[in-house]
Structure formats: structure tokens, C-alpha cells
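1. Dropping the sequence and predicted coords here.
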Amino acid sequence: MGQRDHNVDNKHVSEQMCKAAEGHLQKGEYRAAIDLYRKLIERHPGDDSFVLALAWAYHDGGFMDEAVGCFETLLEKELQRKIFTGFAFDELVRIFKRDGHYDRLVMICERAMAAQPEDYALMGDLGEAYLKTGRIEKAVAVFRKMTDLEPDDAMAYSLLGNALVALESFEEAEAAYERATAIEPTMAGAYYSRLSEVYRQAGHYDRAIRALDRCIRENTSEPVYHLLFGDIMVEKGDIDAALIAYERAVKLRPDFTGAYYNRLGNTLVRFSHHEKAVTAFRKAITAEPDNPFYILYLAGAERGQTY
């Protein structure tokens, strides 16, 4: 057999192995697929497509450590290329975010930035990773660099604002959000709503309320802002103010009466206001008597339970 015939035969065998591996994956037979992809990698040591296929077989089969190992192998090669494709990097970012491995996220983001120091998208990933791991000053520095590089990027200013809230530099945070809304004035309500949520998560309820007041002033007819206001009031323990906010939302969208009171009931249950939650669920049932979930949630609230 000549060299050409030998190469054709090898190619045919590899194609058959690929088809068999794909068949195993379709049947959920991940270990069998993994074994075949390992053999294909041995046959074609320079072909990253088989490493990628193995990574996904590990991932879909629930072997996350092995999947991460494959993606990290691919990342090593990505970082050495002049043009950073970032495919393996993106998958690792997604996995680490999903699984809460933020320290590992910081490490790969720092390595990617070292290889691609001017990559704007990477800066955002690194800044958010710093923020998640409590390295707030580093996050602020990264987001400031982003706003310097792209002074018309409203999202960069909102990210900077989030980091400044974590640093408790509230005036600077609000100035950053002001800049974001100046760049995208039609999105002012959305940006102030985001700022309100950042404040709420940090436990700064008065500032969260003031940010929502700005949202409502921007668009008084948007029921979502009243719902968010009501949720914060429940969290603060001001149930009367929460009820008023929800009633305003219902008046704006009466066709959503059931959904809104159901939301209120679940929020009240989450903060152990079961008696008030019972009233809210009853209003939801009155609006939509055939909705079985409202009846279920009502029963749970009456028993003082959460779902």
C-alpha cells in the first residue's frame, strides 16, 4: 500500500470514529464518546477540533474538571496566537461564572489580559471578576481605563458605577451613572433601575429608593419601577408603602393584576410576612381564578411555608 492509500485509509478510519462518537453522544453514552475522542487526539495530535469535541463530551457528560482541563489546553494555544479568538476563554468564563469559581476566573482573565493588553472586551471580564472576588480597587481601575479608552461607552460607566458603589464612593458612582444616561438618554430609566438594584444588593436602601424615584420620574407609566419600589419596601419592612406601590402598578396594567399580586405575595413570603401574603394571593386568585399556581402559593402562605 502506497503512502497516499495509507493516508486515505487513516482518514476513513478517523471519519468512522467521529461518526461513532457523535452517535454515542446522541444516545447519551458519554464515556464511549470520550474514549473515541481520546483515540482521535492520539491519531491527530495537532488537531484542536478533537480536543474541543472531547471538552464538550466531558462537559455534557458532567465531567466538569476534565472539561475545564481541555478548555484550558485550548486556551494556552489561543493565548499564543497573534489574533485572540477567545473561544476556549469564553467557555471557561461561562463555566467559572456559572459555578461561582471567581478566583479561577480572575486567573484566566489576568492571563488573557497579559497576552492581549488592549483587548477591550477582556477588560470588562477582568473588571467583573475582580469585583466578584472583592478586589474592588482593581475593578475600579480596570473600569476607569475602559471609560478612558471608550468615553462614549455607557455600559462601561455603569460598570464603573457598580464598582464605586462597592467601594462606597457613592457620589462618584452616581456621577458615573449620570454619564451613562447622558450618553444614552433614552435608557435613563434602565440605568437608574440598575443602580437601584446595585444599591439594594449592598443594603443601601435609601439610595436604592432615590435611584428608583429617578426611574419613576423618567417614566411614570412604567409599572416595573413601581413593582421594584414595592419590593424594596417589603425588604425594608414598610409593607404599607409596598402595597401602595403595587396598587399603582396594577392601575397602570390592570390586565396584569393577577401576576402583580402573585409577585407581591411571593415577595412577602420571602421576608416572612405570611399574613399579608395571604391577602395578596387572594387578590391574585380573584383576578385569575383558574390559575392553579396562585392557589398553591396561597396554601403555602397560609401554612407559613415558602416555595
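-> Nice, I can see it. Numbers count the residues shown, from 1 in each chain.
2. Give the residue spans of the stretch 201-307 of the chain that score low on pLDDT.
-> Where the stretch 201-307 of the chain drops to pLDDT under 70, the residues are 305-307.
3. Tell me where the longest helix sits in this protein.
-> helix 3-26 (DSSP state H).
4. Any buried residues in stretch 75-89, and which?
-> 75, 78, 79, 84, 86, 88, 89 (16 or more other Cβ atoms under 10 Å). Backbone N, C-alpha and C define where each C-beta goes, glycine included.
5. what about it, average pLDDT?
-> Stretch 75-89 carries an average pLDDT of 82.
6. Any idea how far it is from the middle of the chain?
-> 23 Å (Cα atoms, centre = their mean, to the nearest Å).
7. Repeat that for stretch 94-112.
-> With Cα atoms, centre = their mean, you get 13 Å for stretch 94-112.
8. Counting by contacts, list what the helix or strand hosting residue 232 packs against.
-> In this assignment (DSSP states H and E), residue 232 forms part of helix 223-236. Helix 223-236 sits against helix 188-201, helix 205-218, helix 239-252, helix 257-270, with contacts defined as 3 or more Cβ pairs under 8 Å, 6 or more residues apart in numbering; DSSP states H and E.
9. List just the nearest of the buried residues of stretch 75-89 to residue 117.
-> Distance ranking of those against residue 117, using Cβ to Cβ, places residue 84 first at 10.9 Å.
10. Residue 81 versus the nearest residue to the closest one once chain neighbours are set aside, what's the distance?
-> Take residue 84 and drop its neighbours on the chain: the residue closest to it by Cβ to Cβ, 6 or more residues apart in numbering is residue 116, 4.8 Å away. Using Cβ to Cβ, to the nearest Å, we find residue 116 at a distance of 10 Å from residue 81.
11. ok, now residue 157?
-> Distance from residue 157 to residue 81, by Cβ to Cβ: 32 Å.
12. ok, now residue 17?
-> Residue 17 sits 28 Å away from residue 81 when distances are taken as Cβ to Cβ.
13. Make CSV from the helices and strands packed on helix 223-236 and add distance to residue 303 and mean neighbour count to it.
-> CSV is the format used below for those (distance: least, Cβ to Cβ, whole Å; neighbours: other Cβ atoms under 10 Å):
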stretch, distance to residue 303, mean neighbour count
helix 188-201, 29, 21
helix 205-218, 30, 19
helix 239-252, 20, 18
helix 257-270, 11, 22
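14. Wait, residue 147 touches residue 156, no?
-> Yes - between residue 147 and residue 156 there is a contact under Cβ atoms under 8 Å: 4.9 Å.
15. Looking at those two, which one has more neighbours?
-> residue 156 (27 against 18; other Cβ atoms under 10 Å).
16. Settle this for me: the more buried one is touching residue 143, isn't it.
-> Yes - contact criterion Cβ under 8 Å: residue 156 and residue 143 qualify, at 6.3 Å.
17. Okay then, goodbye and thanks.
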